[in-house]
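S.K.: turn this into a structure:
(one chain, ligands or ions: 2)
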Amino acid sequence: MTIKYDYHLHSDLSGDSETPSFQMAERALELGLSGICFTEHHDPDHPDYGIDFTLDFDTYFQKMKQLTARYQGRLELYTGMEFGIMKHLPPVLDELLRKYPFDFIIASLHFVNGKDPYYADYFEGRPERSCYEEFLQAEYETLKCFPPESFDTLGHMDFVVRYGPNRNRFYSYEAYADYIDPILRYLIEKGKCLEVNAAGFKYGLEQPNPCTGVLRRYRELGGELITIGSDAHEPAYLGYAFDRTAALLQELGFRYYTVFKKRRPVTVPF
Ligand SMILES: [Zn+2]
Ligand SMILES: [Zn+2]
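M.R.: Ligands and ions are numbered 1, 2, ... in the order given. As a prediction, the model looks like this:
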């Protein structure tokens, strides 16, 4: 496998996964990965859809310590968090960063105006296009509220297209350029990474999130920094479609990807 690190995955410490973390580590060994980063969900103040997306940090770090000892010399394990961004949450993230020794932080927008695009009611009663626009606009505006040093990468930038009635059929960089460009330019200007979330393949989009045209545009604008993750919630999806993802990224002109250790970027060539 060309991609040696999976930097977006969940275990049963995330509200929507039932996989004990050691099973992810075992699967990583099977796949021949060099390292993985457990980026558990933490979405403070999330709307109530019946799943608790807040992380028990003490348990998490305790578990990571045990796992690290268990896999010493066999698999690199890193600590991370997928933080659900909302405009009022920068102080919450700041406090967590002071308190806990994370390797890596993904900033992800999961909820827009109190609704989760994962559920159909987000799309009810309005055109798909305005839902996608609203999501991208909110993502840009919310991300800008966070000090750039508080996160390392923007997670699954256009993942809203996984759930729209027509998915990505009418979605392209060109069609949403006015909403996409500000986000890409902002990341480049601030030296932040764009995440290539391979789960788009799992959702049948035939491409990662963000989609191919967006990645091409990012490269065109001078964007080079990317992180890569499968967003697996179970072992079967760890490193899923990494071969196709690597082929696509190389075709688009990306020569390396970035992993983080103690919040410091390390580049890894394909
Ligand atoms: Zn996410
Ligand atoms: Zn995730």
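
S.K.: doesn't T39 belong to a strand?
M.R.: Yes: read with DSSP: H, G, I helix; E, B strand; the rest coil, T39 is one of the residues of a strand.

S.K.: please name the nearest non-neighbouring residue to it.
M.R.: Spatial nearest neighbour of T39, excluding adjacent residues (C-beta to C-beta, 6 or more residues apart in numbering): G80 at 3.9 Å. Heads up, the C-betas are built off the backbone N, CA and C, glycines and all.

S.K.: next one: E128
M.R.: That would be G164: by C-beta to C-beta, 6+ apart, it lies 4.6 Å from E128.

S.K.: T2 now?
M.R.: Ranked by C-beta to C-beta, 6+ apart and with sequence neighbours excluded, the top spatial neighbour of T2 is A246, at 4.0 Å.

S.K.: how deep is the closest residue to ligand 2 within the stretch 101-250 of the chain tucked in, by neighbour count?
M.R.: Residue nearest to ligand 2 within the stretch 101-250 of the chain (C-beta to the ion): D231, separated by 4.4 Å. D231 has 28 neighbours, counted by other C-beta atoms under 10 Å.

S.K.: tell me the contacts of the closest residue to it other than its chain neighbours?
M.R.: Leaving aside its sequence neighbours, D231 sits nearest to A199 (C-beta to C-beta, 6+ apart; 4.0 Å). Contacts for A199 were tallied using C-beta atoms under 8 Å, 6 or more residues apart in numbering; they are H156, F159, R162, P208, N209, S230, D231, A232, Y237, Y240.

S.K.: how about the strands in the stretch 101-250 of the chain?
M.R.: Using DSSP state E, counting those that start in this stretch, the strands of the stretch 101-250 of the chain run over residues 104-108, 153-154, 193-197, 226-229.

S.K.: is ligand 2 within reach of the second one?
M.R.: No: shown here: strand 153-154 not in contact with ligand 2 (C-beta under 5 Å from the ion), separated by at least 11.7 Å.

S.K.: that strand: how far from the chain's middle?
M.R.: Centre-to-centre, strand 153-154 and its host chain are 7 Å apart (C-alpha atoms, centre = their mean, to the nearest Å).

S.K.: partner strands of it, with direction?
M.R.: Sheet pairing of strand 153-154 (DSSP bridges) gives strand 104-108 (parallel), strand 193-197 (parallel).

S.K.: returning to what we had before: let me know whether the residue nearest to E128 touches C131 as I believe.
M.R.: Yes: counting by C-beta atoms under 8 Å, C131 is a contact partner of G164 at 6.4 Å.

S.K.: what sits in contact with each of these two?
M.R.: Joint contacts of G164 and C131 (C-beta under 8 Å, 6+ apart) are P117, F123.

S.K.: picking that back up, in TSV, list the strands of the stretch 101-250 of the chain along with mean pLDDT and mean neighbour count.
M.R.: Shown next, in TSV, are the strands of the stretch 101-250 of the chain (pLDDT from 0 to 100; neighbours: other C-beta atoms under 10 Å):
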stretch	mean pLDDT	mean neighbour count
strand 104-108	98	26
strand 153-154	98	28
strand 193-197	98	27
strand 226-229	98	26
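
S.K.: take the ones you listed and lay them out in TSV including distance to P91.
M.R.: Below are the strands of the stretch 101-250 of the chain laid out as TSV (distance: least, C-beta to C-beta, whole Å):
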stretch	distance to P91
strand 104-108	15
strand 153-154	20
strand 193-197	23
strand 226-229	25
